[in-house]
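A.B. asks: Fold the following and give me the result.
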Amino acid sequence: MAAIMNDKNMTQRMGGLVAPQARMDSDASLRDILLTLWRRKIMILTTVFVMVGVTAAIMMILTPTFTATTSMAMERRGINVGNLDRVASGLPGDESTFKSEIEVLRSRDLAAAVVSRLDLTSVSEFNKALRPSSGWMTMLRSKLSFLNKADKQNKTDEDRLELERIATTDEFLRNLDVIPIGLVSRVMAVSFTSRDPELAATVSNTLAEIYIENQLETKAEAASQASELLKSQVAVLRQRLVNSESVVEDYRRQSGLLVGKDVTLTAQQTAEVNSLLVLAEAAWAEAEARYQQIRTLSDSSDGAGSAADVLDSELVKTLREQQSTIERNRAELSMEYGPLHPAMIKLEAEREDLERTIQAEMSKIVQGYDNKVKIARARYESMQKSLDNLEKEIGQANRDEIGLRTLEREARANQLILESFLTETKETIAEQGLGMFSPDAKIISHADVPLKSSFPKIKLFMALAAVGSAFAGVLLVFLVENLDQGLRSAKEIEETLGVPLLALVPVLKGVRLTPATPASYVAENPTSALAQSIRTVHLGITLSRIQPDPKTIVITSSEPGEGKTTTSACLARVRAAAGARVVVVDFDFHRAGIAEALEVENGAGIADVLAGKAMLAEVIRKDEKSGASYITSGNVTPESTGSLDIESAKRIFAILSSHFEMIIVDSPPLMAMVESRMLTSVADATVLVVRWAHTKRDIVSLCLRQIHSAGGKLAGIVLSQVDVKKNSKFGYPDSGAYHGALSSYYHN
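C.D. replies: Below is the predicted model:
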């Protein structure tokens, strides 16, 4: 309740006005924003021109670089050596392998190989040691030379060249970029950036070529190792065959077994059975070997599908061709349809059915190998039984012959194995000689010499600079607007301070005046805009809600230089010219403002009256230009300023009120002297003069609170020194005052 009563009292003291309080500005409308941008267009354009100019200058300073790109495709390729497992096989086709190969292309060893082949250590762009040092860098190195003096003494030319090669390789890797193209393709782009476009293309192509060469060398080395392994195995088998044949001949001589006409029928039969048994055993061994091989392939990652008999099967070939056709159709349809599309489901079913058919056919082939092994083994066992029967018949004599045949079978088996390895070795050597190795990557697009620089992108950077600078200019405008705490219109004053604006007082700008002061100007030009604004000030005071009608009016300001003295002098002359009996009193003891504004001598004044050195009637003088009366500040002494109190002010105002219709008091600034609040407490009304777009709102709000705390009655605020041309650009309702079409109503 006490707070409500205080608010009511304050409202009454302020003449029925709303008490000043700090309030946030309401959200700016689109029109206000556009007006703000238009008003600050010079700031925005300056920001754009400066930033675009700086960007253009930087573009001219920067050294252009060129990027060349070589496109490579990864493919899985290998070489098969005889009937053995793959050697020099192609790379796996998974995603991790593809990423690994990208890292191989980025590897330091590959980069060092390119640096060495192209002798990039002799190019200053990559070898910093070849670049000329700037003056300050040379000085800095000389100052710090003692830190690495010992290191330089211990380094040889080879060490220095090695360091340069390492640094060149580092610079090379910084300019290299290897990236995959697309999400599902196995194509990668090898890009290299250099100041020399031809060098950029050469490096990019050379890197791809060395990478492919390394792949071929790796495969050739693997094939060479396999060939050497086969050769060593052939040598071992050849020696084993020689040994077995020697054992046969020694046994024949020791046992006395001869082959010729003297051979008996039993011996001939035994020989024939032994021959058949050898063939049966060889056939069994061969069938068993082929069966074991296909079983081994079935357990491997390649499966039985890589077996020779499976690959030679016409039915399997036909089924494989159908499978390839289905896979192509499936790949083509997958680009248009999803996996749940009927066509895709049908193709998937056909593919699975065909896969089952292929597996069944391969299973039949494997089963055929198993049957051949069983038949060969049964045949061998049958022949062995026949031989056992003959052996029983010929007795002990033939046992020696059987031993001979056993040794001959062993020698024959060794011969067959040797022949097989000799064939495989010859095939491997022939493949090496024909250069049948293929790399796992190929160049699908060589790098051309770039015609345009990749950096800087002048058009892009200039466009970004223009857009960015415009945006920065707009931000700067709003920053300046937010930091600008000045007051410019009745709308701002009423919304932020809650008090009325009495008038806008224009500044006399760009006018060559004959009088020396604005007060003289309004006296000489009663129909001017300045004189009209002063009349508006008086009208605002008269129409204020202060009761009774104010007679003693204190005109003050927050700080010096805001125009309170000019307003006081002009108001006195304008009212006197209208026939009113008016007196203006200068209570600003620190500045003889009224005497200066009216262009009169200071002489004895109100300070002399307060000091008791003169009577009030003695210091009242008449203004010759307007007929107004005035009292200057006088001869100011410490005694006179100390004598001013509320009672003395009341007595002076009471005496003057009996002789004048209006008493205008030029008060000191509220922020400077305490006398201002004393004068506002005893006056009928107070007018606060605020310099347009200059005095901060917080300071004005503080002064309003001081007036309120002193018990003063605020009639309103006067915005002084208004630049009417600039004010017209703000778009406020009163921004067109004294400007544009309205200026024709005033005569200077």
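A.B. asks: Could you chop this protein up by domain?
C.D. replies: 222-444, 485-745 (automatic domain parsing).
A.B. asks: Now find how far off-centre the longest one is within its chain.
C.D. replies: To tie it back to what came earlier, the one meant is domain 485-745. What separates the centre of domain 485-745 from the centre of its chain is 59 Å, taken as CA atoms, centre = their mean, to the nearest Å.
A.B. asks: any idea which of the domains of the chain scores lowest on pLDDT?
C.D. replies: Lowest mean pLDDT within these: domain 222-444, a mean of 72.
A.B. asks: what's the first-to-last distance across it?
C.D. replies: Domain 222-444 has an end-to-end distance of 26 Å (criterion: CA to CA, to the nearest Å).
A.B. asks: quick one: it to chain centroid distance?
C.D. replies: 65 Å.
A.B. asks: how about residue 72, secondary structure?
C.D. replies: strand (DSSP: H, G, I helix; E, B strand; the rest coil).
A.B. asks: can you check residue 63 too?
C.D. replies: coil.
A.B. asks: and if you look at the one 3 residues further on?
C.D. replies: Three states are possible here, and by three-state DSSP the one that applies to residue 66 is strand.
A.B. asks: Pull the number of nearby residues for the closest residue to it other than its chain neighbours.
C.D. replies: Spatial nearest neighbour of residue 66, chain neighbours left out: residue 197 (3.9 Å); criterion: CB to CB, 6 or more residues apart in numbering. No exception for glycine: its C-beta is placed from N, CA and C like everyone else's. Residue 197 has 20 neighbouring residues, counting by other CB atoms under 10 Å.
A.B. asks: returning to that earlier point: can you lay out the domains of the chain as TSV showing mean neighbour count and distance to residue 214?
C.D. replies: Shown next, in TSV, are the domains of the chain (neighbours: other CB atoms under 10 Å; distance: least, CB to CB, whole Å):
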stretch	mean neighbour count	distance to residue 214
domain 222-444	15	9
domain 485-745	20	72
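A.B. asks: In a markdown table, list the ones you listed along with distance to residue 454.
C.D. replies: As requested, those are exported to a markdown table (distance: least, CB to CB, whole Å):
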| stretch | distance to residue 454 |
| --- | --- |
| domain 222-444 | 21 |
| domain 485-745 | 46 |
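A.B. asks: do you know which of those lies nearest residue 188?
C.D. replies: domain 222-444 (8.7 Å; CB to CB).
A.B. asks: which residues does residue 695 contact?
C.D. replies: With contact taken as CB atoms under 8 Å, 6 or more residues apart in numbering, residue 695 is in contact with 486-487, 557-559, 562.
A.B. asks: Inside helices: which ones of the residues you listed?
C.D. replies: Per DSSP state H, helices hold no members of these.
A.B. asks: Okay, and which of these map to strands?
C.D. replies: Those of these mapping onto strands are residue 557, per DSSP state E.
A.B. asks: who touches the strand or helix carrying residue 651?
C.D. replies: For residue 651, the enclosing helix or strand under DSSP states H and E is helix 646-657. With contact meaning CB under 8 Å, 6+ apart, helix 646-657 is reached by 551-552, 583, 585, 606, 609-610, 616, 663, 678-679, 681-683.
A.B. asks: Going by distance to residue 283, which of those wins?
C.D. replies: Closest to residue 283, out of all of the contacts of helix 646-657 and judged by CB to CB, is residue 681, at 135.3 Å.
A.B. asks: The closest one should be in a helix, yeah?
C.D. replies: Yes: Residue 681 forms part of a helix when assessed by three-state DSSP.
A.B. asks: ok, now how distant is the residue nearest to the spatial centre of the chain from residue 352?
C.D. replies: Per CA atoms, centre = their mean, the C-alpha nearest to the average position across the chain is that of residue 464, at 13.7 Å. Residue 464 sits 55 Å away from residue 352, going by CB to CB, to the nearest Å.
A.B. asks: and what of residue 458?
C.D. replies: 58 Å.
A.B. asks: do the same with residue 49
C.D. replies: For residue 49, the distance to residue 352 - CB to CB - is 71 Å.
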